[in-house]
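below is the sequence, then the predicted model.
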Amino acid sequence: MYIKKITLTDFRNYENQEIVFDKNLNIIYGNNAQGKTNILEAIFLVAMGKSFRAKKDKELIKFGKNLAKVEVEYQTIDRDGKITAIIEDKKNFFINGVKQNKISDIIGKINVVIFTPNDIDIIKEGPDVRRRFLDMMISSLKPNYIHILNNYNKTLEQRNTYLRQIKYENKPKKMLDIWDESLSNLAEQVYKYRENYVNKIAIKIKDIHKMITKSGKVDEDISIKYISNCKDKNIFLENLKKARELDVSRGFTSLGIHRDDLIIYINNMPVKVFGSQGQQRTSVLSLKLTELNIVKEEIGESPILLLDDFMSELDNNRRQSFLEKIDGNQVIITCTDKIENTNSYFVESGVCKKE
Ligand SMILES: Nc1ncnc2c1ncn2[C@@H]1O[C@H](COP(=O)(O)OP(=O)(O)OP(=O)(O)O)[C@@H](O)[C@H]1O
Ligand SMILES: [Mg+2]
């Protein structure tokens, strides 16, 4: 699949911008802070229903304006279409001009896989970043997952509120049974999705990682483990009951799929703890390439690749083996230096010009 054209209106530092993309490689270059990543952010917004970096949607609206609009025309194997995002006090999405009621209705119309310099956080930071990575990937493939996850989070919030009511208002503990039951039902469903996709990742990542690291002297064996305390619904329920006193005193739920984690090992050692900087970078690259591979397999065509600041991230060898692996996709790359003989766009102060 590919994006034919994007139109930005009062989005970030763009006022009125139209960009026509090539089916294959597109290089967006320019100095820092000119608006390169903003273009990738706009594409991601119509693909996934939200920004990959803004905390609040309002940040996307051009300073001093009230409304931002992004419109993308796309082509897949069997259909073409137009997705529009309008951000004002609320965020609305339209497919071919028809307003969509739920954000999940637009997810998966176009599939993107994004690589950003912050991906390294998947390795380096806390479990929440790894869960987000996994959740994003599953959501883009299984929109129903979003509903289940949202329901889980709502139920969790309600259980936490009730825990505090027990503590401060002496409400009966027995009522927690109801929350525990619905929490464990939803946790079980989330667990199944996550387990399924972690298994897929765990299998595929081995070969991909070998490919990327093949020039090294020592073989690197990568493995991934999914850590969850919701593997079995009944055991989870029992453990929730055991943790009740603790949960009441803390005012939040200490067990559940909101505590899940992924551990990535190289040669059986957690790469987060023992990996060198380069090994951490390579592991995350393998992980993202695995995501790409899985998305491609599941949707039956190549997703669009968004590579933010990609060239600065890799040495020449790794860049080369990377580009070999992504052959066949539409690729949109941002970087600071011009690359000769490629389809390029120059960005300066919120204006993007095709060269
Ligand atoms: N809501 C907004 N309204 C107007 N300008 C904005 C808004 N949000 C961000 N900007 C501007 O957009 C610019 C940053 O854009 P972007 O992140 O795309 O830069 P970049 O070209 O990718 O830079 P780098 O090479 O440093 O990554 C900054 O100049 C910032 O002030
Ligand atoms: Mg940038």
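Sure, I can see it. Numbering: from 1, shown residues only. Ligands and ions are numbered 1, 2, ... in the order given.

and the helices in this structure?
36-48, 121-124, 127-141, 143-169, 176-213, 233-242, 244-250, 271-274, 277-299, 316-325 (DSSP state H).

which of the ones you listed sits most buried?
helix 36-48 (a mean of 24; mean count of other Cβ atoms under 10 Å). C-betas here are computed from N, CA, C, even on glycine.

quick check: angle from that one to helix 127-141?
60 degrees (axes from the mean of the first three to the mean of the last three Cα atoms, to 10 degrees).

before we move on, the earlier item: how about the helices of the chain in a markdown table, adding mean pLDDT and distance to ligand 1?
Output for those, formatted as a markdown table (pLDDT from 0 to 100; distance: least, Cβ to the nearest ligand atom, whole Å):
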| stretch | mean pLDDT | distance to ligand 1 |
| --- | --- | --- |
| helix 36-48 | 97 | 3 |
| helix 121-124 | 96 | 16 |
| helix 127-141 | 96 | 20 |
| helix 143-169 | 96 | 26 |
| helix 176-213 | 96 | 25 |
| helix 233-242 | 96 | 42 |
| helix 244-250 | 96 | 38 |
| helix 271-274 | 94 | 26 |
| helix 277-299 | 93 | 18 |
| helix 316-325 | 66 | 18 |
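
Asn268 contacts Ile222, doesn't it?
No - the pair Asn268 / Ile222 is not scored as a contact, 10.1 Å apart, by Cβ atoms under 8 Å.

of these two, which one has the most company?
More neighbours surround Ile222 than the other of Asn268 and Ile222, with 24 against 8 (other Cβ atoms under 10 Å).

what residues are up against the nearest residue to Asn38 once chain neighbours are set aside?
Spatial nearest neighbour of Asn38, excluding adjacent residues (Cβ to Cβ, 6 or more residues apart in numbering): Arg12 at 4.0 Å. Contacts for Arg12 (Cβ atoms under 8 Å, 6 or more residues apart in numbering) come out as 35, 38, 41-42, 60, 62, 68, 350.

likewise for Ile222?
205-206, 209, 264-266, 271, 283, 286.

and the nearest residue to it once chain neighbours are set aside, what does it touch?
Distances taken as Cβ to Cβ, 6+ apart place His209 nearest to Ile222, at 4.2 Å, with adjacent residues excluded. His209 sits next to 220-222, 282-283, 286 when contact means Cβ under 8 Å, 6+ apart.

and for Val273?
Taking Cβ under 8 Å, 6+ apart as the definition, Val273 has no contacts.

any idea how far Thr213 is from Ala187?
Distance, Thr213 to Ala187, by Cβ to Cβ, to the nearest Å: 36 Å.

revised request: answer the last question for Gln277.
36 Å.

what do you get for Lys23?
Relative to Ala187, and taking Cβ to Cβ, Lys23 is found at 42 Å.
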